[in-house]
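Asks: coords please:
(3 chains)
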Amino acid sequence: MTMKRISIDPITRLEGHGKIDIFLTPDGDVAETYLQIPELRGFERFCVGRVAEDMPNLTSRICGVCPEAHHMAASKALDALFHVDPPPTAKKLREMFYSIFYTTDHTTHFYALGGPDFIMGPDAPPEERNILGVIKKVGMEIAGRVLKMRRDGHNMIEMIGGRKVHPNWGLPGGVSRGINEEQRKEIERLGREAIDFGKFSIQLFNDIVLGNPDYVRLITSEAYTSRTYNMGTVDANNRVNFYDGMIRVVGPDGREHAKYDPKDYRDYIAEHVESWSYLKFPFLKRIGWKGFVDGVDSGIYKATPLSRLNAADGMATPLAQREYERMYEALGGKPINHTLATHWARLIELLYAAERWVELATDPEITGSEYRVLPTATPDEGVGSVEAPRGTLTHHYCTDERGILTRVNLIVGTTNNYAPINLSIKEAARSLIRKGTTVTEGLLNRIEMAFRAYDPCFGCATHYLPGKMPLTVVLRAPNGEVLQTIRREPPRWEAKSDS
Amino acid sequence: MQREIYEPKIVGFFCNWCSYRAADGAGTARIKHSPNVRVIRLMCSGRVDPVFVLKALSLGADGVLIAGCHPGECHYIEQNYKTMRRFAMLKHTLRAFGISERRVRLVWASAAEASQLTEAINELVEDIRTLGPLRWPTNWAEDDGHLPAVDRVLLEHQSAMEVGR
Amino acid sequence: MSDKGRLAIYWAASCGGCEISILALNEKILDVANAFDIVLCPCIMDTKTRDVEKWPDRHVDVCLFNGGIRTSEQEYMARLLRQKCKVLVAFGSCAHEGCIPGLANLTCRQEIFETVYFETASTDNARHVIPLPETRSNGFHLALPVFYDTVRTLGQTVAVDYYLPGCPPEAPRIWDAVVAILEGKLPAPGSVIGAETTCCDECPRTRNEKKIKAFNRTWQIIPRTDTCLLEQGLLCCGPATRAGCGARCPEVNSPCIGCYGPNVGVEDFGARMITALASVIDSNDPDEIDRIIREGIPDPVGAFYRFSLAHSLLRRRALVPDAERLELPRPKIAAQA
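Replies: Now for the predicted structure:
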């Protein structure tokens, strides 16, 4: 009895590679679904032997859509590694830069990646379901604003950090260059325009999405709802902060599960392995891995804009706070478990990022000349964590006394979401494909919409650190047959500069 | 059954003024030396770009010998100091590639030091004979090694259900 | 029937930065869309691989292919797109020379899997599972691409018509290349579309004679803003790197890391860096030279082959280390002095 298999290959309108296999019973119901990640690059292994200060540049190549996130997490990890505290101007510059990046990146996702499903419609012809179709449909007046927002954001990133993609700016103890008053004025001016753009985008979302009863039904439907834990970084007042703070995890019932310093992440997160994917599945250690199920007893958690808003008590800036309250009022209070509402949460974050951009651009210390201090301590170990647009991002480095990396561990944004994404796809597929359903391309796109809300970044899919393992590992199939034997030899490839 | 004796292939970069003359001298004096070094004559050891060494190894050489004038005796005054520095930096880099240091050598030899040069050559040859051939291009599979896996990708695609608009 | 050309954009072992750099064309993206039907770009469009497989050969006019080749699926797509397009451009550093993921050529599949699936502090893998090319789960058969030991460039996998360097290529250079394609003003096939000078030529810092007594790690000094960074002992890759970026990194006080790849005439980026840096070491004493090198450049491969390892002459670390080679029989007649 052969199982019919539908393959969505590759998944599209995201960063990275993946394919979805949907297995049907002979009756035509969905038996099982799998989102396989077919890529791996091995950063955590090949970064061993490198000089630690290269990490902001090396790890930004994990993802060219969110290189700034890795650049920031790496810079903070270097601060911790070298036991150096950047001066206030440096931290504010970093956070301002990061806020500019967030505004730009969330714009890219809404208008180019996830948004076309709503603006063009989930069943629109595939040739039109993209940014070019959006531009044609909304017209140049609106499209021009989107292009301008991305251009302004990128230009500011380049002006401050060196390049639009893969800036070269972060160091232990600060950043390589500050800004002058002329640059600050320009940053502030464009920041105020970004706030307008944030308000405009939320208004667009109101009109096109929330104003359409079909879309509201879609958002609140069970097919796109899953009740998992929520993770995000919060400041001292439990407000969302992208650059720094404590990591907070809140259950699908709204109760706080944990609040911890990022350097203690290993006490709270573990990673599960399956043989059908190169990517691993993080889960909450204290609850445990229970498979691809949701609920308070499953260790699966989400780390997305929506989960950040769920895990916090509010937004730290006024306009975003108003929108935050409006969203929770509209969707029945906290927490919201409707995955597609992530698009809404993302736009609220866009507005917050723009407000924060201006807040920092008008801070008196932002043009200060102390944008760097030199470390003096011997490096050993450090953890740096930020909120990447796609989830909590943690970099953990160990080095020898010269600052040469001996161990690297990265828990990356989207990886946090790999299990819930699988769950969301299964639920959408089970709901949309039943006995007698004609499977069309548009229907498969609706299944893809289940992952697009997460704004996945599967290029961010490589991270681990060496340690101890048994000398010989023999892999056996269920029938006992040996599949593979792995022998571990003592480390012999440490990059030593002297023999 | 007699196993074939392994003869190392070594590329030598010898400078015209000192070491090439020394090698010449060894020939004239009929000093026996291993014939394994293919000598390339340059005007100065300072002409040796690290690219030459890497190219020789990558194309199948088992070792490389650079021979120049003693420091202070360079025909072009100071260039062999540059050789020394380049060689130090190159060795430092080659370690990380897993190539034994013993395979790449720099020796100084004046025109009159035919026997010393010969000794250095013989020593290098025996040492590399012990190490064995490098055969650098065998470190990656040629295309055909992967093709069955590549073919399976298409089969996997074709076995899925066709879906229309 | 459209009279526009057909453009495909594809990504292999890459990061998505090349796609973002294309989007950084901003309004000019509309000019591109006017000249071409973009028929493939998984980042922003919904064309699937089955659609590509059904195209006739040479259906696409230009394919911008970014990313290195390190799995069987990526090799498959490289071969497929080579078949389906007329002009194949290796777009960006990964396709051109392997880029930073090419540093994985200092290790191998077994070591990467050991680290990734067993050795990390946060991995919970009591069942000793690893990803397999063929596996069964809940009774279903699933396939994954094979993960190779060695990263290869696009040019090492299929015939490439042009290379556009950079990590990523800067938007103005992308636009120049698009215009060159549309106007038919391309260099000889197999060429790099780019400048023929080094990053140093674009850098505004003053250059004096270089005499280096010590190489500095970037966190050890705060460099002067007006003078050459290499002169200040920082490992700036400008001398070997092709121009095209506008020397943006030195602009923000960071040394060039070499992302635009080797300049014309530079066969091995690392070799050029070795010779350039060695020339300016201010010492003739072998011990002092060794010390300067050891202390200042603790990671030579990372410093000299950061982007170009897969495309260098040696390409990768030895798979079998020298120490493990078997002793072979010695000749019967020993050489005589």
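Asks: Chain A versus C:T71, what's the distance?
Replies: From C:T71 over to chain A the distance is 7 Å, taken as C-beta to the nearest C-beta, to the nearest Å. Glycine gets a C-beta too; all of them are placed from N, C-alpha and C.
Asks: Quick check: phi and psi at the residue lying closest to that residue once chain neighbours are set aside.
Replies: Among residues not flanking C:T71 along the chain, C:P145 sits closest, at 3.9 Å (C-beta to C-beta, 6 or more residues apart in numbering or on different chains). Backbone torsions of C:P145, given as degrees, to the nearest 10, read phi -70, psi 150.
Asks: Could you pull up the residues touching C:P145?
Replies: Applying C-beta atoms under 8 Å, 6 or more residues apart in numbering or on different chains, we find C:P145 in contact with A:P38, B:A149, B:V153, C:T71, C:S72, C:E73, C:Q74, C:Y76, C:P133.
Asks: I'd like the distance between it and B:P133.
Replies: 33 Å (C-beta to C-beta, to the nearest Å).
Asks: Helices of chain C, residue ranges please.
Replies: Listed in chain order, the helices of chain C (DSSP state H) span C:17-23, C:28-35, C:49-54, C:72-84, C:92-97, C:109-114, C:171-183, C:199-202, C:248-251, C:269-279, C:286-296, C:300-304.
Asks: all strands of the stretch 101-250 of chain A, in order?
Replies: Under the criterion DSSP state E, counting those that start in this stretch, strands of the stretch 101-250 of chain A are mapped to A:170-171, A:174-175, A:229-234, A:246-250.
Asks: and those, which is most packed in?
Replies: Burial of those is given as mean neighbour count (mean count of other C-beta atoms under 10 Å in any protein chain shown); strand A:170-171 ranks first at a mean of 30.
Asks: That strand and chain C in contact?
Replies: Yes. Using C-beta under 8 Å from any C-beta of the partner chain, strand A:170-171 reaches chain C at A:L171.
Asks: before we move on, back to that, make TSV out of the helices of chain C and add mean neighbour count.
Replies: Shown next, in TSV, are the helices of chain C (neighbours: other C-beta atoms under 10 Å in any protein chain shown):
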stretch	mean neighbour count
helix C:17-23	27
helix C:28-35	15
helix C:49-54	15
helix C:72-84	23
helix C:92-97	33
helix C:109-114	20
helix C:171-183	17
helix C:199-202	20
helix C:248-251	24
helix C:269-279	25
helix C:286-296	17
helix C:300-304	26
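Asks: Same list, the ones you listed, but as JSON lines with distance to chain B please.
Replies: Shown next, in JSON lines, are the helices of chain C (distance: least, C-beta to the nearest C-beta, whole Å):
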{"stretch": "helix C:17-23", "distance to chain B": "23"}
{"stretch": "helix C:28-35", "distance to chain B": "23"}
{"stretch": "helix C:49-54", "distance to chain B": "6"}
{"stretch": "helix C:72-84", "distance to chain B": "4"}
{"stretch": "helix C:92-97", "distance to chain B": "15"}
{"stretch": "helix C:109-114", "distance to chain B": "12"}
{"stretch": "helix C:171-183", "distance to chain B": "27"}
{"stretch": "helix C:199-202", "distance to chain B": "19"}
{"stretch": "helix C:248-251", "distance to chain B": "23"}
{"stretch": "helix C:269-279", "distance to chain B": "4"}
{"stretch": "helix C:286-296", "distance to chain B": "5"}
{"stretch": "helix C:300-304", "distance to chain B": "4"}
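Asks: between these, which one is nearest to A:T33?
Replies: Nearest to A:T33, of all those, is helix C:49-54, at 18.3 Å by C-beta to C-beta.
Asks: Briefly note if that closest one comes near chain A.
Replies: Yes. Using C-beta under 8 Å from any C-beta, helix C:49-54 reaches chain A at C:T49, C:R50.
Asks: Packing partners of that helix?
Replies: helix B:147-158, helix C:72-84 (3 or more C-beta pairs under 8 Å, 6 or more residues apart in numbering or on different chains; DSSP states H and E).
Asks: Run through the residues that contact A:W169.
Replies: A:P56, A:H71, A:F97, A:I160, A:G161, A:G162, A:V175, A:S176, A:R177, C:V252, C:S254 are the contacts of A:W169 under C-beta under 8 Å, 6+ apart.
Asks: Could you list the alpha-carbon positions for stretch B:145-153 in PDB?
Replies: Written as PDB, here are the backbone C-alpha positions of stretch B:145-153 (Å, rounded to 0.1, in the frame of the first residue of the first chain):
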ATOM      1  CA  GLY B 145      32.000  10.500  -6.700                       C
ATOM      2  CA  HIS B 146      28.800  12.500  -6.000                       C
ATOM      3  CA  LEU B 147      26.700  11.800  -9.100                       C
ATOM      4  CA  PRO B 148      24.700   8.800  -7.700                       C
ATOM      5  CA  ALA B 149      23.500  11.100  -4.800                       C
ATOM      6  CA  VAL B 150      22.700  13.800  -7.300                       C
ATOM      7  CA  ASP B 151      20.700  11.500  -9.500                       C
ATOM      8  CA  ARG B 152      18.700  10.400  -6.400                       C
ATOM      9  CA  VAL B 153      17.500  14.000  -6.000                       C
END
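Asks: Run the contact check for it versus chain C.
Replies: Yes. With C-beta under 8 Å from any C-beta as the criterion, chain C is reached by stretch B:145-153 at B:H146, B:A149, B:V150, B:R152, B:V153.
Asks: As a markdown table, the residues you listed with distance to C:G244 and neighbour count would be great.
Replies: Converted to a markdown table, the residues of stretch B:145-153 next to chain C look like this (distance: C-beta to C-beta, whole Å; neighbours: other C-beta atoms under 10 Å in any protein chain shown):
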| residue | distance to C:G244 | neighbour count |
| --- | --- | --- |
| B:H146 | 32 | 19 |
| B:A149 | 36 | 18 |
| B:V150 | 33 | 22 |
| B:R152 | 39 | 18 |
| B:V153 | 34 | 23 |
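Asks: Can you report how many residues neighbour the closest residue in space to C:G261 that isn't next to it in sequence?
Replies: For C:G261, ignoring the flanking residues on the chain, the nearest one in space by C-beta to C-beta, 6+ apart is C:P165 at 4.3 Å. C:P165 has 28 neighbours, counted by other C-beta atoms under 10 Å in any protein chain shown.
Asks: which residues of the stretch 101-250 of chain C fall in strands?
Replies: Ranges of strands within the stretch 101-250 of chain C are C:134-137, C:140-143, C:147-152, C:162-164, C:191-192, based on DSSP E, counting those that start in this stretch.
Asks: can you pull the pLDDT of residue 148?
Replies: No chain specified, so I'll use chain A. Note on A:K148: pLDDT of 95.
Asks: oops, chain C please
Replies: 93.
Asks: returning to what we had before: so for A:V84, which of the strands of the stretch 101-250 of chain A sits nearest?
Replies: Nearest to A:V84, of the strands of the stretch 101-250 of chain A and by C-beta to C-beta, is strand A:174-175 at 8.5 Å.
Asks: Residues touching the closest one, excluding its own?
Replies: In contact with strand A:174-175 (C-beta under 8 Å, 6+ apart) are residues A:S75, A:P86, A:P87, A:A90, A:L93, A:R94, A:G161, A:W169, A:E370, A:Y371, A:R372, A:V373.
Asks: tell me the contacts of the residue of chain B at minimum distance from chain A?
Replies: In chain B, no residue comes nearer to chain A than B:A160, which is 3.7 Å away by C-beta to the nearest C-beta. Applying C-beta under 8 Å, 6+ apart to B:A160 gives the contacts A:R5, A:I6, A:S7, A:D9, A:D21, C:R50.
Asks: which of those count as buried?
Replies: A:R5, A:I6, A:S7, A:D9, A:D21 (16 or more other C-beta atoms under 10 Å in any protein chain shown).
Asks: and the one residue sitting closest to the centre of chain B, what element?
Replies: In chain B, the centroid-proximal residue (C-alpha atoms, centre = their mean) is B:V64; its distance is 3.2 Å. If you go by DSSP states H and E, B:V64 is part of strand B:63-68.
Asks: A:E441 and C:T47 touch, don't they?
Replies: No. Applying C-beta atoms under 8 Å, one finds A:E441 not in contact with C:T47, separated by 11.0 Å.
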